[in-house]
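Engineer: Have a look; sequence and predicted model below, questions after that.
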Number of protein chains: 2
Amino acid sequence: MNDIIELMLAHRSIRTYTDEPVPTEDIHAAVEAGQKAATSSNIQTYSIVHVTDAAMREALVSISGGQEKVLDCGAFFVLCADMRRHALLAERCGVPCEENVESFLLSVIDTALFAQNMALAFESMGWGTCYIGGIRNDLQAVQDLLHLPHRVSPLFGMTVGRPAEDPWPRPRFPISMVLQENGVMSDADVLAGCDAYDELMKDYYLKRGASGRTWCGQMERFYEQPKRPHLQAFFESKGIRWR
Amino acid sequence: MNDIIELMLAHRSIRTYTDEPVPTEDIHAAVEAGQKAATSSNIQTYSIVHVTDAAMREALVSISGGQEKVLDCGAFFVLCADMRRHALLAERCGVPCEENVESFLLSVIDTALFAQNMALAFESMGWGTCYIGGIRNDLQAVQDLLHLPHRVSPLFGMTVGRPAEDPWPRPRFPISMVLQENGVMSDADVLAGCDAYDELMKDYYLKRGASGRTWCGQMERFYEQPKRPHLQAFFESKGIRWR
């Protein structure tokens, strides 16, 4: 155990913040730490929009399904997969820039590795963070709001601020559920493991005042309906061909 | 600046390792730190296969395009997007598990956030790491080798080991290229920024004995041909519907 692992183990998403703003030097330190994360072949296919405009923040609250923390946090960022540099360079020398599932994967993974370094860097300076997948409720609206050009695709947001809450840490799976050697467990063991995890989660749900809830119950219907089905067309409009 | 940000800023991918094995307690510490990364709605849609079998490692060298470090490193992991738990739970209660671009994004982002915590945790214990996107040269072969069931999709590998090299750190974009306020820069500024970055990279390429190389030159043809075009069909075979 060391300070860094201790910081990771102490992580809880923070959803309530004081009104303390996040100083520019902390933002720069976190972004520069983010940039040092691995990036495939140094492609660096991401951009971050720091949203400081109050009207834009209010619009993003609404897009994200009424998440007031997007307005109330100390700093709000929209993290984007950014293929524009590659596309402009290719255009300048007259060659195509072919985007497909692989290029999509590369830019999403690049952006996520960047974001996780950035989140940890903020947490190491005493700030709380929360990823905001809710902006994917309407990526077209996010694009219009931030005037994002072709090949720049918003993926998720991140709230940062001084924590004004001290939430219970949410237990994760026992390590045996995620780490296996030279293969993976049987379907029967997966189901038994999920049921065992429900036992582990009982206490957490109880503390959160949701005593009837189970993880299995939440998850079994999580994908009953296709989620955000507009995304396929949105990313196509940004230049990605799935086929 | 603190220890954690310092660790991130010192990151270089390590591609040559001593033959020192990585102890199980370090692997468990890194995986548990990985599990504490944010995960959307606590879905935890990932699994990690620790590949210890020498024949499997040799096969993975070949799949990854001859990357000997996959065999020579202290520990090798295949990181998978894992939708099987959700699919089995849904099946058990007789509801569909609809996978699409959003579910794909959720599992890829979850896996990447997990992986970045894991990589940093290893680095904090003095190990070097390198992401291995090369396994995506043939995901069907990876799946067959590791007997991965339906809904478990390999995404990338990770080598871990005691560094036997001390590579030059690769400069990233100036922060002004990736962080913007309430919008993004113009196309002209993007191109000017890429050209300016080439100046910054000259010294790095020179030190690496590749003095003619430029970042723009590498990137303008990076997507000239569609990369790994089999991926779309592979992920479809794992249950994802793009439409």
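Structural biologist: Cool, the structure landed. Numbering: from 1, shown residues only, chains lettered A, B, ... in the order given.
Engineer: Partner strands of the lengthiest strand in chain A and their direction?
Structural biologist: Identified as the longest strand of chain A according to DSSP state E is strand A:152-161. Neighbouring strands of strand A:152-161 in its sheet, by DSSP bridges, are strand A:75-82 (antiparallel), strand A:128-132 (antiparallel).
Engineer: Let me know which of those strands is the nearest to B:L191.
Structural biologist: Closest to B:L191 of the strands paired with strand A:152-161, according to C-beta to C-beta: strand A:75-82, at 13.7 Å. C-beta here means a position set from N, CA and C on the backbone, and glycine is covered the same way.
Engineer: Export that closest one to PDB, keeping only CA atoms.
Structural biologist: The C-alpha trace of strand A:75-82 is given here as PDB (Å, rounded to 0.1, in the frame of the first residue of the first chain):
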ATOM      1  CA  ALA A  75     -15.600  23.400 -12.600                       C
ATOM      2  CA  PHE A  76     -17.400  21.500 -15.400                       C
ATOM      3  CA  PHE A  77     -15.700  19.800 -18.300                       C
ATOM      4  CA  VAL A  78     -16.900  18.100 -21.500                       C
ATOM      5  CA  LEU A  79     -14.500  15.500 -22.700                       C
ATOM      6  CA  CYS A  80     -14.500  14.900 -26.400                       C
ATOM      7  CA  ALA A  81     -13.000  12.300 -28.800                       C
ATOM      8  CA  ASP A  82     -11.200  14.600 -31.200                       C
END
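Engineer: Give me the contacts around whichever helix or strand comes after that strand.
Structural biologist: Later in the chain than strand A:75-82, the nearest helix or strand by DSSP states H and E is helix A:84-92. Residues from elsewhere that reach helix A:84-92 (C-beta atoms under 8 Å, 6 or more residues apart in numbering or on different chains): A:43-45, A:96-97, A:149-152, A:239, B:187, B:190-191, B:193-194, B:216, B:219-224.
Engineer: of those residues, buried ones?
Structural biologist: Neighbour counting with 16 or more other C-beta atoms under 10 Å in any protein chain shown marks A:43-45, A:97, A:149, A:151-152, A:239, B:187, B:190-191, B:193-194, B:216, B:219-220, B:222-223 as buried within the contacts of helix A:84-92.
Engineer: what about the lengthiest helix in chain A, distance to the chain center?
Structural biologist: Looking across chain A with DSSP state H, the single longest helix is helix A:101-124. Relative to the centre of its chain, helix A:101-124 is centred 8 Å away, using C-alpha atoms, centre = their mean, to the nearest Å.
Engineer: Tell me if that helix is near chain B.
Structural biologist: Yes: for helix A:101-124, a contact with chain B is found by C-beta under 8 Å from any C-beta of the partner chain, at A:101-103, A:105-106, A:108-109, A:112-113, A:115-117, A:119-121, A:124.
Engineer: Out of these, which comes closest to A:G134?
Structural biologist: Using C-beta to C-beta, these come closest to A:G134 at A:A115, 15.2 Å.
Engineer: contacting residues for that closest one?
Structural biologist: A:34, A:79, A:131, A:156, A:158, B:113.
Engineer: Might one say that the second one is in contact with A:S153?
Structural biologist: No: taking C-beta atoms under 8 Å as the definition, A:L79 is not a contact partner of A:S153, at 10.1 Å.
Engineer: what about those two, which has more around it?
Structural biologist: A:S153 (27 against 24; other C-beta atoms under 10 Å in any protein chain shown).
Engineer: What residues sit buried inside the longest helix of chain A?
Structural biologist: Under the neighbour-count criterion of 16+ other C-beta under 10 Å, helix A:101-124 has A:101-124 buried.
Engineer: how does chain A divide into domains?
Structural biologist: Split into domains by automatic domain parsing, chain A comes to A:3-168, A:175-219.
Engineer: and among those, the most buried is which?
Structural biologist: Among the domains of chain A, domain A:3-168 has the highest mean neighbour count (mean count of other C-beta atoms under 10 Å in any protein chain shown), at a mean of 20.
Engineer: for the record, mean pLDDT for it?
Structural biologist: Mean pLDDT, computed over domain A:3-168, is 98.
Engineer: Measure how far it is from the centre of its chain, please.
Structural biologist: With C-alpha atoms, centre = their mean, you get 7 Å for domain A:3-168.
Engineer: for stretch A:195-203, same thing?
Structural biologist: That offset, for stretch A:195-203, works out to 25 Å (C-alpha atoms, centre = their mean).
Engineer: which residues touch it?
Structural biologist: Contact with stretch A:195-203 is made by A:171, A:173-174, A:177, A:211, A:214-216, as judged by C-beta under 8 Å, 6+ apart.
Engineer: Return only those of those residues found close to chain B.
Structural biologist: Residues shared between these and the neighbourhood of chain B are A:173, A:215-216 [C-beta under 8 Å from any C-beta].
Engineer: show me where chain A has helices.
Structural biologist: Ranges of helices within chain A are A:3-9, A:24-35, A:54-63, A:69-72, A:84-92, A:101-124, A:139-146, A:175-178, A:187-207, A:215-220, A:231-237, based on DSSP H.
Engineer: Ok, which of the ones you listed comes nearest B:M1?
Structural biologist: helix A:24-35 (7.0 Å).
Engineer: Quick test: name the residue nearest the centre of chain A.
Structural biologist: What sits nearest the mean C-alpha location of chain A, by C-alpha atoms, centre = their mean, is A:Y131, with 4.4 Å.
Engineer: Next, the contact list for the residue nearest to that one when sequence neighbours are not counted, please.
Structural biologist: Spatially, and ignoring its direct neighbours in sequence, A:Y131 is nearest to B:A38 (4.9 Å; C-beta to C-beta, 6 or more residues apart in numbering or on different chains). If a contact means C-beta under 8 Å, 6+ apart, then B:A38 has A:11, A:13, A:116, A:119, A:129-131, B:113 as its contacts.
Engineer: Please produce TSV containing those, extended by distance to B:R92.
Structural biologist: Putting the contacts of B:A38 into TSV (distance: C-beta to C-beta, whole Å) gives the following:
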residue	distance to B:R92
A:H11	31
A:S13	29
A:Q116	32
A:A119	34
A:T129	35
A:C130	31
A:Y131	29
B:L113	28
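Engineer: Nearest to B:R162 among those residues?
Structural biologist: Proximity of those to B:R162 (C-beta to C-beta) peaks at A:Q116, which lies at 24.1 Å.
Engineer: Distance check, the nearest residue to the closest one once chain neighbours are set aside against B:I240.
Structural biologist: Nearest non-adjacent residue to A:Q116, counting by C-beta to C-beta, 6+ apart: B:Q116, 4.0 Å away. Distance of B:Q116 to B:I240, given as C-beta to C-beta, to the nearest Å: 23 Å.
Engineer: what does A:A81 give?
Structural biologist: Distance, A:A81 to B:I240, using C-beta to C-beta: 18 Å.
Engineer: again, but for A:I27
Structural biologist: 36 Å.
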